[in-house]
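*Asks:* coordinates only, sequence not included:
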DNA sequence: ATGGTAGAGTGTCTA
């Protein structure tokens, strides 16, 4: 089975590229982030014509997440226990969507950006990660993948210029500690060993052409998932040219479940 | 410190 994660920066403006990507790489399950579409605005026809089911949630114009699967899409849930709303009172922000696809539990995650270290949104980011960690502990003993845009550079090698980020989010010790706690719990980041390099390049200043990017898109697997990983790659070509998202897709291959 | 680009949608916000 082949799964992938991709921050598409608008599903509607990128739908042709998404469909081409699914076909080019024969992808079974794609987790997408920043769908930037209400549920009634989703471009479903081409996906369904290619045999994919879609589950999506997006309450605002920025942070929607979705799962696109041709190997089943069961037990769909939005958010996770303890996830609070942000913005309008009582509104649960759409940053996590989970489903069982082809026998594995997969979560499409869009970790809050944080904006600035002194912004309330940064506190929200750390709180959100803490709640995700608490909720995800119960999935460690089943084949589960926490995939998406983590908006954290776990090491200095994951930033094109650490000095330039010294007063920015994504590299602060609390964010890195929050990421590390998932690994300490038993989650394994399964892409890095197979797929070095960045996954995101800002649109301006020709960051992609100069390979000045960040590695912030990751796939964390429970033991039962990690043992099935046979390879991974970053589809850098997808980031090139006109009309690209600012993120490249990350693809992971899994063997069949042991029996 | 600022601004550069892109996408949502027409006011600016978010990344």
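*Replies:* Right, received. Where do you want to start? Predicted model, so just to flag it, every value in this text is computed and none were measured. Residues are numbered from 1 along each chain as shown, chains lettered A, B, ... in the order given.
*Asks:* can you tell me the helix or strand for the residue of the stretch 51-200 of chain A at minimum distance from DNA strand B?
*Replies:* Here the stretch 51-200 of chain A gets closest to DNA strand B at one residue, residue A:113, 4.0 Å apart by C-beta to the nearest atom of the strand. No exception for glycine: its C-beta is placed from N, CA and C like everyone else's. Assigned by DSSP states H and E, residue A:113 belongs to no helix or strand.
*Asks:* give the contact list for it.
*Replies:* A:121, A:125, A:151, A:169 (C-beta atoms under 8 Å, 6 or more residues apart in numbering).
*Asks:* ok, 6 Å please
*Replies:* Residue A:113 is in contact with residue A:151, counting by C-beta atoms under 6 Å, 6 or more residues apart in numbering.
*Asks:* What values do phi and psi take at it?
*Replies:* Main-chain dihedrals, residue A:113, degrees, to the nearest 10: phi -70, psi -40.
*Asks:* residues in the stretch 51-200 of chain A within reach of DNA strand B, list them.
*Replies:* A:61, A:62, A:63, A:112, A:113, A:115, A:121 (C-beta under 7 Å from any atom of the strand).
*Asks:* Let's see the pLDDT reported for the fifth one.
*Replies:* In the prediction, the pLDDT value recorded for residue A:113 is 94.
*Asks:* What distance do you get for it to residue A:119?
*Replies:* Remark: distance between residue A:113 and residue A:119 (C-beta to C-beta, to the nearest Å) = 9 Å.
*Asks:* Please enumerate the strands of the stretch 101-250 of chain A.
*Replies:* Taking DSSP state E, counting those that start in this stretch as the test, the strands found in the stretch 101-250 of chain A are A:104-110, A:144-149, A:188-189, A:217-221, A:229-234, A:250-254.
*Asks:* a markdown table for these, including distance to residue A:211?
*Replies:* Output for those, formatted as a markdown table (distance: least, C-beta to C-beta, whole Å):
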| stretch | distance to residue A:211 |
| --- | --- |
| strand A:104-110 | 24 |
| strand A:144-149 | 19 |
| strand A:188-189 | 21 |
| strand A:217-221 | 16 |
| strand A:229-234 | 12 |
| strand A:250-254 | 16 |
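*Asks:* Excluding chain neighbours, what is closest to residue A:243?
*Replies:* Spatial nearest neighbour of residue A:243, chain neighbours left out: residue A:17 (6.7 Å); criterion: C-beta to C-beta, 6 or more residues apart in numbering.
*Asks:* now residue A:207
*Replies:* Nearest non-adjacent residue to residue A:207, counting by C-beta to C-beta, 6+ apart: residue A:201, 4.3 Å away.
*Asks:* Quick check, the one you found in contact with residue A:213.
*Replies:* Yes: Residue A:201 lies in contact with residue A:213 (C-beta atoms under 6 Å); the separation is 3.9 Å.
*Asks:* who's in contact with residue A:39?
*Replies:* By C-beta under 6 Å, 6+ apart, the neighbours of residue A:39 are residue A:56.
*Asks:* Give me the contact list for stretch A:192-205.
*Replies:* Residues outside stretch A:192-205 that contact it (C-beta under 6 Å, 6+ apart) are A:207-208, A:213-217, A:231-234, A:246-248, A:250.
*Asks:* Can you list the buried residues in that stretch?
*Replies:* For stretch A:192-205, the neighbour count (16 or more other C-beta atoms under 10 Å) marks A:192, A:194, A:195, A:198, A:199, A:200, A:201 as buried.
*Asks:* and if you look at stretch A:8-19?
*Replies:* The neighbour-count check on stretch A:8-19 (16+ other C-beta under 10 Å) flags A:8, A:9, A:11, A:14, A:15, A:17, A:18, A:19 as buried.
*Asks:* do stretch A:213-230 as well
*Replies:* A:213-222, A:224-226, A:228-229.
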